[in-house]
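Q: The following comprises the amino acid sequence and a computationally predicted model.
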There are 2 protein chains.
Amino acid sequence: MTQEMEIISVGNELLIGKVLNTNAEWLSKHATNLGITVKRVTVVPDDVDESAPVIRETLNRKPQFVVTTGGLGPTYDDKTLEIIAKAFRCKLAVNHAALEMVKKKYQTYASKKGRNYAELTPSRVKMATIPENSKPIPNPVGAAPAIQIDTNGTILIALPGVPREMEAIFEENVAPLLKSASRDNRFYEDSLYLDGIMESELAPLIEKVMQDNPGIYVKSHPKDAEKKPHLEIHFSLTLSDHETAQERIHKAVTQLTDLIKHVSSPSHFTKANKAN
Amino acid sequence: MTQEMEIISVGNELLIGKVLNTNAEWLSKHATNLGITVKRVTVVPDDVDESAPVIRETLNRKPQFVVTTGGLGPTYDDKTLEIIAKAFRCKLAVNHAALEMVKKKYQTYASKKGRNYAELTPSRVKMATIPENSKPIPNPVGAAPAIQIDTNGTILIALPGVPREMEAIFEENVAPLLKSASRDNRFYEDSLYLDGIMESELAPLIEKVMQDNPGIYVKSHPKDAEKKPHLEIHFSLTLSDHETAQERIHKAVTQLTDLIKHVSSPSHFTKANKAN
């Protein structure tokens, strides 16, 4: 059993298609590589009443981790802390440690600028006004602290939406938690690249390989329409033992390669067995 | 009241961070431009038991439209039709019209190739095996038909995951439905670009503009950390009257511009009032 994570991306800009959700992709990739299974990504608006129930439903599914991105900044539309507080039916309060983090940040900015950047305006205090059941996590890049809540076997972490800030806090504070939770589990993958063979021809062969290699997920990725087929066949497995994982993936790749050679010409292989 | 849509993206490749969810961005942008409000995007795995309940919960929220992407192809991991059938507690059956679509496609492929591409293998028949309560939509680009289900005031449409196929079917068959549902509602937007001013300084000004201009959504997009601030302030509105929408957006942009000039230097504006 792998540890499970859900990602909740908060932001109207995602729902109007103004911004591509690269944060969810980045987090999914990094969590997966650490042996965690990402079960669901949900994109919700900057709206407390709409989005608080989504947090609540997510917690009810009891994943080991919930990571939200976006909505921690100083402006009116940054509502994630309020959304989380409502989901937990708990209050928002100025957190002393968080306020110190914000204060320090603006003092640093002020020391480099000619103007009074150090003033703790209400918009800046807002970033330190966090759910009472949460603790702040320092943001090494930007002003808004992240937060963490430990509840009923789930760890919820709210990260900022600016990718550089989100990534820095993840690397420093979230990755170690995931690593320790997934123990030695890691994600292993390999790919076969094929040309001139149709997905529908391969389908029964892939199914046989999956049946013969339980635990290995084989997914075909058509790169274009069936008319001019170019396929990537992706093999993956999450396992704690490196050697066994490599062997099992290798066995599956070899079996599919042999099956394809039997029904078709070897010239279909464009790039074989890329090392992981 | 605008018409609402939810998007469900089906695919393990999204949850392992192997593929960026460009389909959800594309659909969100195109639906928004047609005056539809996208309320939620959910990314779910290629797993019938995990993902059928997500379809059911989505239908329970009664949006006017649900659009799924991915999982309509010929391989084992293409499970969206099965997921939808389970969500509706209905059976999958070979649909005559869908089978004709698939057959025709492979006959076309066969006429261009030296091999027997026309054979209706089980993997190909699978693409025409659709929920009994659905009707097939032709795919002008690839082999797998899309499907449509009309149920309790919600139209559910399942589109393929290959972007070129998804986009073609959307343009031909989904956009007209959305247009007719949203009547004359369209999305209007404008942006202000600012340099050297911090989001936290702008926050109270943006809040004032939102209070004075109900219906207009103003969202600040920090392009980097607060340390070296570069901001886009995005104004948007969905309305049926073109003139009124333009006027209202213009009024909000002008008000924010004036407010910023009062607290700061006009040199912050890097690109003003980009025409929509």
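A: Nice, I can see it. Residues are numbered from 1 along each chain as shown, chains lettered A, B, ... in the order given.

Q: What count of nearby residues applies to the nearest residue to A:Met101 once chain neighbours are set aside?
A: Of all residues not flanking A:Met101 in the chain, A:Pro145 sits nearest, at 4.9 Å (C-beta to C-beta, 6 or more residues apart in numbering or on different chains). C-beta: built from backbone N, CA, C; applies to glycine. Residues near A:Pro145, counting by other C-beta atoms under 10 Å in any protein chain shown, number 27.

Q: Now do the same for A:Pro145: its pLDDT.
A: Note for A:Pro145: predicted pLDDT of 97.

Q: any idea how far it is from B:Lys103?
A: 60 Å (C-beta to C-beta, to the nearest Å).

Q: go on, A:Thr80?
A: 51 Å.

Q: Low-confidence stretches in the stretch 101-250 of chain A?
A: A:114-116, A:224-229 (pLDDT under 70).

Q: all helices of it, in order?
A: Per DSSP state H, counting those that start in this stretch, the stretch 101-250 of chain A carries helices over the ranges A:122-126, A:163-169, A:175-182, A:199-212, A:242-263.

Q: So for B:Cys90, which of those sits nearest?
A: helix A:199-212 (23.9 Å; C-beta to C-beta).

Q: how much does the closest one deviate in direction from helix A:242-263?
A: Orientation of helix A:199-212 against helix A:242-263 (axes from the mean of the first three to the mean of the last three C-alpha atoms, to 10 degrees) gives an angle of 140 degrees.

Q: what does helix A:199-212 contact?
A: Residues from elsewhere that reach helix A:199-212 (C-beta atoms under 8 Å, 6 or more residues apart in numbering or on different chains): A:194, A:216-218, A:220, A:222, A:226, A:229, A:231, A:233, A:252, A:255-256, A:259-260, A:263-264, B:73-77, B:106, B:121-124, B:126-127, B:143.

Q: let's see 7 Å
A: Helix A:199-212 is contacted by residues A:216, A:218, A:220, A:222, A:226, A:229, A:231, A:252, A:255-256, A:259-260, B:73-76, B:121, B:123-124 when judged by C-beta atoms under 7 Å, 6 or more residues apart in numbering or on different chains.

Q: Would you mind checking those for buried ones?
A: By neighbour count, with 16 or more other C-beta atoms under 10 Å in any protein chain shown, those hold A:216, A:218, A:220, A:222, A:226, A:229, A:231, A:252, A:255-256, A:259-260, B:73-76, B:123-124 as buried.

Q: Close to chain B: what parts of the stretch 151-276 of chain A are there?
A: By the rule C-beta under 7 Å from any C-beta of the partner chain, the part of the stretch 151-276 of chain A lying against chain B is A:162, A:164-165, A:199-200, A:202-204, A:206-207, A:210, A:217, A:219-222, A:224-227, A:234, A:236.

Q: 8 Å instead?
A: With C-beta under 8 Å from any C-beta of the partner chain as the criterion, the stretch 151-276 of chain A meets chain B at residues A:162, A:164-165, A:187, A:198-204, A:206-207, A:210, A:217-222, A:224-227, A:234, A:236.

Q: Got a quick PyMOL command for the buried subset of those?
A: Provided next is the PyMOL selection string for whichever of those are buried by 16+ other C-beta under 10 Å:
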select buried, chain A and resi 162+165+187+198+199+200+201+202+203+204+206+207+210+217+218+219+220+221+222+225+226+234+236
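
Q: need the contact list for the residue nearest to A:Val174 when sequence neighbours are not counted.
A: Spatial nearest neighbour of A:Val174, chain neighbours left out: A:Ile157 (5.7 Å); criterion: C-beta to C-beta, 6+ apart. Shown in contact with A:Ile157 (C-beta under 8 Å, 6+ apart): A:Phe65, A:Val66, A:Val67, A:Thr68, A:Ile137, A:Ala146, A:Ile147, A:Gln148, A:Ile149, A:Asn173, A:Val174.

Q: Make sure the fourth one is indeed in a helix.
A: Read that as A:Thr68. No: under the criterion used here (DSSP: H, G, I helix; E, B strand; the rest coil), A:Thr68 is strand, not part of a helix.

Q: Count residues in the vicinity of it, would you?
A: Per other C-beta under 10 Å, the neighbour tally for A:Thr68 reads 29.

Q: Could you tell me how far A:Thr42 is located from chain B?
A: Distance of A:Thr42 to chain B, given as C-beta to the nearest C-beta, to the nearest Å: 5 Å.

Q: I misspoke; the intended subject was A:Lys251.
A: Using C-beta to the nearest C-beta, A:Lys251 is found at 18 Å from chain B.

Q: What of A:Pro63?
A: Going from A:Pro63 to chain B by C-beta to the nearest C-beta gives 12 Å.

Q: thinking again about what came up before, so which of the contacts of A:Ile157 comes closest to B:Gln3?
A: Distance to B:Gln3 across the contacts of A:Ile157 (C-beta to C-beta) is lowest for A:Thr68, with 27.4 Å.

Q: Does that closest one have any beta-bridge partners, and if so which?
A: Going by DSSP bridges, A:Thr68 is paired in beta bridges with A:Ile8, A:Ala158.

Q: That one against A:Ile8, yeah?
A: Yes: A:Thr68 is within contact range of A:Ile8, at 4.4 Å (criterion: C-beta atoms under 8 Å).

Q: Number of residues surrounding A:Asp258?
A: Neighbours of A:Asp258 (other C-beta under 10 Å): 11.

Q: same question, A:Met5
A: That count, for A:Met5 with other C-beta under 10 Å as the rule, works out to 29.

Q: again with A:Thr244
A: Neighbour count for A:Thr244, taken as other C-beta under 10 Å: 12.

Q: Quick check: chain neighbours aside, which residue is closest to A:Glu13?
A: Take A:Glu13 and drop its neighbours on the chain: the residue closest to it by C-beta to C-beta, 6+ apart is A:Val19, 4.3 Å away.

Q: tell me the contacts of that neighbour?
A: With contacts defined as C-beta under 8 Å, 6+ apart, A:Val19 is in contact with A:Gly11, A:Glu13, B:Glu25, B:His221.

Q: Is any residue of the host helix or strand of the third one near chain A?
A: Per DSSP states H and E, B:Glu25 falls inside helix B:22-33. Yes: figure legend: helix B:22-33 in contact with chain A (C-beta under 8 Å from any C-beta); contacting residues B:Thr22, B:Ala24, B:Glu25, B:Trp26, B:Leu27, B:Ser28, B:Lys29, B:His30, B:Ala31, B:Thr32.

Q: Could you export that helix as PDB, CA atoms only?
A: Provided in PDB are the C-alpha atoms of helix B:22-33 (Å, rounded to 0.1, in the frame of the first residue of the first chain):
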ATOM      1  CA  THR B  22      -3.500  21.400 -21.300                       C
ATOM      2  CA  ASN B  23      -6.900  20.000 -22.300                       C
ATOM      3  CA  ALA B  24      -8.500  21.400 -19.100                       C
ATOM      4  CA  GLU B  25      -6.900  24.800 -19.800                       C
ATOM      5  CA  TRP B  26      -8.100  24.800 -23.400                       C
ATOM      6  CA  LEU B  27     -11.600  23.800 -22.500                       C
ATOM      7  CA  SER B  28     -11.800  26.300 -19.600                       C
ATOM      8  CA  LYS B  29     -10.700  29.100 -21.900                       C
ATOM      9  CA  HIS B  30     -13.100  28.200 -24.700                       C
ATOM     10  CA  ALA B  31     -16.100  27.600 -22.500                       C
ATOM     11  CA  THR B  32     -15.400  30.900 -20.500                       C
ATOM     12  CA  ASN B  33     -15.200  32.900 -23.700                       C
END
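
Q: Buried residues in that helix, which are they?
A: Neighbour counts over helix B:22-33 (16+ other C-beta under 10 Å) mark B:Asn23, B:Ala24, B:Glu25, B:Trp26, B:Leu27, B:Ser28, B:Lys29, B:His30, B:Ala31, B:Thr32, B:Asn33 as buried.

Q: Lowest-confidence entry in the contacts of A:Val19?
A: For the contacts of A:Val19, the weakest pLDDT value sits at B:His221, with 91.

Q: list the contacts for the nearest residue to it once chain neighbours are set aside?
A: Using C-beta to C-beta, 6+ apart and skipping the chain neighbours, the partner closest in space to B:His221 is B:Glu232 (4.3 Å). B:Glu232 sits next to B:Ser191, B:Leu192, B:Tyr193, B:Leu194, B:Ser220, B:His221, B:Lys223 when contact means C-beta under 8 Å, 6+ apart.

Q: Kind regards, and thank you for your time.
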